[in-house]
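# Here is a sequence with its predicted model. Questions after.
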Amino acid sequence: MLLYALDAHQPLFAEVASCLQQGIALHEERVFEDGECKLRPMTDPGGQDVYVMQSLHGEPDCSAHDRLWRLWTFAATLRDHGAARVTAVIPYLAYARKDRRTKPFDPLSLRHLAQLFEAAGVQRLIALEVHDAAAFENAFRCPIVHVRASGVFDALFSDPLWSVSPVAPEPSKPELAQAAQTVSPIAPGPARWVVASPDPGGVKRAQLWRESLQIRLGYELGFAMLDKRRSAGVVSTEELVAGDVKAAQVLLYDDLISSGGTVRRAAQVLRTHGADRVVAVAAHGLFAQHAQDLLAEPALDAVVVSDSVPGMRRCAAAQGAGRLRVMSAAATLARAIESVSR
């Protein structure tokens, strides 16, 4: 196996390599005066099973398109030089949200993205929590692995920092007493828990996590769905909730947080319907413009994301509220790579 990381500064990729007990193979990247770039492997890929890790998020000095080009041309180069198989490992897959036509002459961006990868000779693609799993599977002709992010967030229920039992601690354990005085976003036990989807499109994602949590925890969780419509970039949400959230602790589960508008509105609606606590959980924390408003939202108790996107906006957004938790997706991605490398 050869493992490459095109974003060498992203800690997630070093953790994935550590989980796999693999080193990250060296590559050269040269950026020319006019902005063009060249990437080449520094190890002969001939006959090798090669995995290339790259997240397709944008940031001020490197857009999603820049990252997509780097991944595309590097994969093509590996194939040109005889790699037996090239697998793209993409924690955040850009353009996955546009997977169907909703207006005349709309593009099918996800399908076009798939055609790009296939033209480069990518023979397998691993992606973490895409917008619509069925659309993702249908867009690609090469084998794909859709990695559910719920496995990343199951640990919320076993983390002592976030899973403080509602039972009063023993006086002989002052550290537990101090922890119990802090409002904990995750406190399974006698409290009633509900997994909620912020819109109809995410129902299947939320239901699957609810089912796996019930098996893991050994007790039943409720389910709820909110109404949301989007047209021409404008979101309209009526205060409709399908499911009982009164006096419940709600896990509001989505694939990504961009500006945070959807999550904010959903949390406010859940509170008006009587939810005691709302924790927003999303695979990808893009934290675009106005994300600071999300983390200051009084209707939310906490926001939990994976590290699929590095914290270029995350740190600034988290300063005001201190309620942001980032969980590592490294072990989950490493297991997906292991499953196809055998």
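Good, I have the coordinates. Residues are numbered from 1 along each chain as shown.
# Next up, the contacts around the residue lying closest to residue 148 once chain neighbours are set aside.
Of all residues not flanking residue 148 in the chain, residue 129 sits nearest, at 6.4 Å (C-beta to C-beta, 6 or more residues apart in numbering). From N, CA and C alone the C-beta is placed, and that goes for glycine too. With contact set as C-beta atoms under 8 Å, 6 or more residues apart in numbering, residue 129 has these partners: 146-149, 205, 255, 283-284, 306, 308.
# how far away is the residue nearest to residue 197 when sequence neighbours are not counted from residue 224?
Sequence neighbours aside, residue 206 is the residue nearest to residue 197 in space, at 3.9 Å (criterion: C-beta to C-beta, 6+ apart). Relative to residue 224, residue 206 is positioned 9 Å away (criterion: C-beta to C-beta, to the nearest Å).
# okay, and the common contacts of those two?
Joint contacts of residue 206 and residue 224 (C-beta under 8 Å, 6+ apart) are 195-197.
# so where does residue 244 fall, helix or strand?
Secondary structure from DSSP states H and E places residue 244 outside every helix and strand.
# Just give the number of residues close to it.
A count of nearby residues for residue 244, using other C-beta atoms under 10 Å, gives 14.
# Please apply the same query to residue 65.
Residue 65, neighbours per other C-beta under 10 Å, totals 12.
# List the contacts of it.
residue 58.
# quick one: pLDDT of it?
With respect to pLDDT, residue 65 scores 93.
# buried stuff in the helix or strand hosting it?
Using DSSP H and E, the element containing residue 65 is helix 64-80. Residues 64, 66-68, 70-72, 74-79 are the ones in helix 64-80 that count as buried (16 or more other C-beta atoms under 10 Å).
# swap in stretch 10-26?
10, 12-13, 15-17, 19-20, 22, 24-25.
# The residues you listed in helices, which ones?
12-13, 15-17, 19-20 (DSSP state H).
# For the residues you listed, which two are the farthest from each other?
12 and 20 (12.8 Å; C-beta to C-beta).
# And the ones in helices among the buried residues of stretch 10-26, which is closest to residue 277?
Using C-beta to C-beta, those come closest to residue 277 at residue 12, 28.8 Å.
# Looks like that closest one contacts residue 308 (just checking).
Yes: with contacts counted by C-beta atoms under 8 Å, residue 12 reaches residue 308, the gap being 7.1 Å.
# hey, what's in contact with both of these two?
In contact with both residue 12 and residue 308: 55, 91, 329, using C-beta under 8 Å, 6+ apart.
# By neighbours, which of these wins?
Going by other C-beta under 10 Å, residue 91 tops the shared contacts of residue 12 and residue 308 with 31 neighbours.
# residues touching the residue lying closest to that residue once chain neighbours are set aside, list them.
Leaving aside its sequence neighbours, residue 91 sits nearest to residue 308 (C-beta to C-beta, 6+ apart; 3.6 Å). With contact set as C-beta under 8 Å, 6+ apart, residue 308 has these partners: 12, 55, 57, 91-92, 128-129, 149, 283-285, 329.
# Point out the ones among those that are inside helices.
residue 12.
# Could you pull out the buried residues of stretch 55-63?
55-58.
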